[in-house]
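**Student:** this one's sequence-less:
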């Protein structure tokens, strides 16, 4: 799960992004929304007016877990990769994703990228 609390006018928006390796259903998201809303209200965690938004992450959300990359095999990913004290940008198709590393196509070859070196990753939208 990923949470974001941001102001919008006189109220706050609490965004919750939930997903699993097998995907997530609308019914599961609705149940999660009810449960989170009840917990917030019962514990007075947010005392001002707020709106709760529970959804699955879209293509505009960064990837964080190896299983997220496996769900996007064959798609193009844009990576920011740590390279010593600097970072570099890498864009290519996801060929493979193990629990330790990502294999990305680069032209005629492939680049193995250990997950601990990935600083940011986004699936590229197909236009």
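**Tutor:** Looks like it arrived, so ask away. Since this is a predicted model, take the numbers as computed values, not measurements.
**Student:** And this structure, what are its domain boundaries?
**Tutor:** In terms of domains, the chain is parsed into 2-55, 66-123 (source: automatic domain parsing).
**Student:** okay, those, which one's buried deepest?
**Tutor:** domain 66-123 (a mean of 15; mean count of other Cβ atoms under 10 Å). For glycine as for every other residue, the C-beta is placed from the backbone atoms N, C-alpha and C.
**Student:** if we can go back for a sec, adding mean pLDDT as columns, could you present the domains of the chain in TSV?
**Tutor:** As requested, those are arranged in TSV below (pLDDT from 0 to 100):
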stretch	mean pLDDT
domain 2-55	89
domain 66-123	93
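**Student:** how much space between residue 95 and residue 11?
**Tutor:** 45 Å (Cβ to Cβ, to the nearest Å).
**Student:** and the gap between residue 27 and residue 34?
**Tutor:** 11 Å.
**Student:** what does residue 84 give?
**Tutor:** 48 Å.
**Student:** next one: residue 80
**Tutor:** 37 Å.
**Student:** Kindly report the same for residue 69.
**Tutor:** Residue 69 is 31 Å from residue 34, by Cβ to Cβ.
**Student:** So which elements touch the lengthiest helix in the chain?
**Tutor:** Counting residues, the longest helix in the chain under DSSP state H turns out to be helix 26-43. Here helix 26-43 touches strand 11-17, strand 50-55, going by 3 or more Cβ pairs under 8 Å, 6 or more residues apart in numbering; DSSP states H and E.
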